[in-house]
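>>> next comes the sequence, and after it the predicted model I'd like to discuss.
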Amino acid sequence: MTSTISLYRVAHARSGDKGNRLNIAVVCREARYFAPLQERLTADFVAAVFRERKPSAVKRYELPRLHAFNFVLDDVLDGGVNGSLGLDGHGKTLSFLLLSADIELPAEVVVPSGEPSFELMPGASR
């Protein structure tokens, strides 16, 4: 059984830009969300979310030890800050477009686990 939720319920994001290229880092709120998102938060999924901006390419990079993904989208910023006549040619605010997208996840993952799973990064201490 699956549930459809907004991505922001299981992840947060940060975005930036360089020219006409958008970069979005998506970080899981808990380690348990990484595997289901790894399966479903694909480059094709992100390309579909940004379809109106017509990306020429979307590349996903996985960062499993950080429970995160990095997406690089080409040609979605109308030429970038210096080339666009748009009010905001920056990619800084576009992470919320991705976070507001609905994604289907296993129902057992969506249910709160009770206690957040704060896994430390290798070499870290409490």
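Received, thanks.

>>> only C-alpha atoms for contact and neighbour calcs from this point on.
Fine.

>>> chain neighbours aside, what residue packs nearest to Val72?
Once flanking residues are discounted, Val72 sits nearest to Asn23: 4.6 Å by CA to CA, 6 or more residues apart in numbering.

>>> so what's the one you found bridging to?
Beta-bridge pairing of Asn23 under DSSP bridges involves Gly16, Val72.

>>> hmm, it is touching Gly16, no?
Yes - taking CA atoms under 8 Å as the definition, Asn23 is a contact partner of Gly16 at 5.3 Å.

>>> for these two, indicate the residue with more neighbours.
Asn23 (21 against 16; other CA atoms under 10 Å).

>>> list the contacts of the more buried one.
Applying CA atoms under 8 Å, 6 or more residues apart in numbering, we find Asn23 in contact with 15-17, 70-73, 91.

>>> can you rerun that using 10 Å?
Applying CA atoms under 10 Å, 6 or more residues apart in numbering to Asn23 gives the contacts 14-17, 58-59, 70-74, 91-92, 94-95.
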